[in-house]
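A.B. asks: show me how the following folds:
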Amino acid sequence: MTKIKVIIPAYNEADSIAKVIHDIPKIVHEVIVVSNQSSDNTEINATQAGATVLVEPDKGYGYACLRGLQYVANQLEKPDIIVFLDGDYSDYPEELTKLVAPILNDNIDFVIGARVKKLREKGAMTVPQIFGNWLATTLMALFFNAKFTDLGPFRAIKYNKLLALNMEDKTYGWTVEMQLKALKQKLTYTEIPLNYRNRIGVSKVSGTLKGAIFAGVKILGWIFKYSFK
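C.D. replies: Numbers count the residues shown, from 1 in each chain. Here you go, the predicted structure:
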């Protein structure tokens with residue numbers, strides 16, 4: 001049986017985290033919530049909902065993801081697929097089965113859940129997010145002939161392929177780093193259009209001007225770094 005583990009970076013998602021965990025399909029073997037300096041009841045609520053809860057003291061999306069991967073690496077039995085999912089309930093966790101289907105059925109290495117306009121609730125993505133996605137994916141198409149349309153955080157990847165990417169970004173560049181390294185290593189990839197709704201609570205990145213600027217700089221930095229390698 002294919003072993004699937006989900007990693008959820010979470011910072012103050014007490015109001016949403018249990019909903020996310022409860023909606024994850026039963027095909028998943030373990031849900032790992034990485035609390036990234038949460039000061040609310042995120043950790044308590046995630047534990048009560050049945051997740052494995054880790055604490056990452058260094059603040060940053062990438063730090064949280066790397067902490068989850070470190071935990072998985074120390075387990076005796078390794079997963080076949082890792083799924084990354086946000087803890088704000090903007091994605092539909094039950095659609096995980098659609099996300100992993102290309103890996104299970106077609107042996108694809110890497111799948112992005114694309115937040116396409118027709119399936120996106122009004123206001124679910126901010127103007128900076130939409131523009132940033134367009135700019136990043138346009139540059140990846142220009143420099144690498146990539147077919148990506150989104151940097152969506154809801155994504156699935158074969159565990160052995162993920163290890164080979166040697167991920168390193170600690171903050172906002174995690175998603176684009178993964179996509180650029182997948183292109184460089186010639187992984188097979190595809191996108192699956194998924195539903196997307198307004199998150200519970202306020203975004204820590206796109207919800208602030210500072211967060212949006214830092215994310216944009218980090219994303220562009222990774223793209224130009226790989227473009228001239």
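A.B. asks: the strands in the chain, which residues?
C.D. replies: Ranges of strands in the chain, per DSSP state E, are 4-10, 30-35, 52-55, 81-84, 110-114, 155-158, 189-193.
A.B. asks: report the mean per-residue pLDDT for the second one.
C.D. replies: I take that to be strand 30-35. Per-residue pLDDT over strand 30-35 has a mean of 98.
A.B. asks: what's next to it, contact-wise?
C.D. replies: 5-11, 17, 21, 24, 42-43, 46, 50-56, 64-65, 67-68, 71-72, 79, 87 (Cβ atoms under 8 Å, 6 or more residues apart in numbering). Bear in mind the C-beta positions are built from the backbone N, C-alpha and C, glycine included.
A.B. asks: so for that strand, what gets flagged as buried?
C.D. replies: Under the neighbour-count criterion of 16 or more other Cβ atoms under 10 Å, strand 30-35 has 30-35 buried.
A.B. asks: same thing with the third one?
C.D. replies: By neighbour count, with 16+ other Cβ under 10 Å as the criterion, the buried positions of strand 52-55 are 52-54.
A.B. asks: quick one, helices of the chain?
C.D. replies: 17-22, 42-48, 61-73, 96-106, 127-144, 159-165, 174-184, 209-227 (DSSP state H).
A.B. asks: related to what we said a few turns ago, and the buried residues of strand 52-55 as CSV, adding pLDDT and distance to residue 192?
C.D. replies: Formatted as CSV, the buried residues of strand 52-55 follow (pLDDT from 0 to 100; distance: Cβ to Cβ, whole Å):
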residue, pLDDT, distance to residue 192
52, 98, 26
53, 98, 28
54, 98, 28
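A.B. asks: and which of the residues you listed is nearest to residue 96?
C.D. replies: Within the buried residues of strand 52-55, the smallest distance to residue 96 is 16.9 Å, found for residue 52 (Cβ to Cβ).
A.B. asks: need the contact list for the residue nearest the centre of the chain.
C.D. replies: Compute the mean C-alpha point of the chain, and by Cα atoms, centre = their mean the closest residue is residue 153, 2.9 Å away. Neighbouring residues of residue 153 by Cβ under 8 Å, 6+ apart: 84-86, 91, 175.
A.B. asks: hmm, 10 Å instead?
C.D. replies: For residue 153, the contacting residues are 8-9, 61, 65, 84-86, 88, 90-91, 112-113, 115, 174-175, 178, by Cβ atoms under 10 Å, 6 or more residues apart in numbering.
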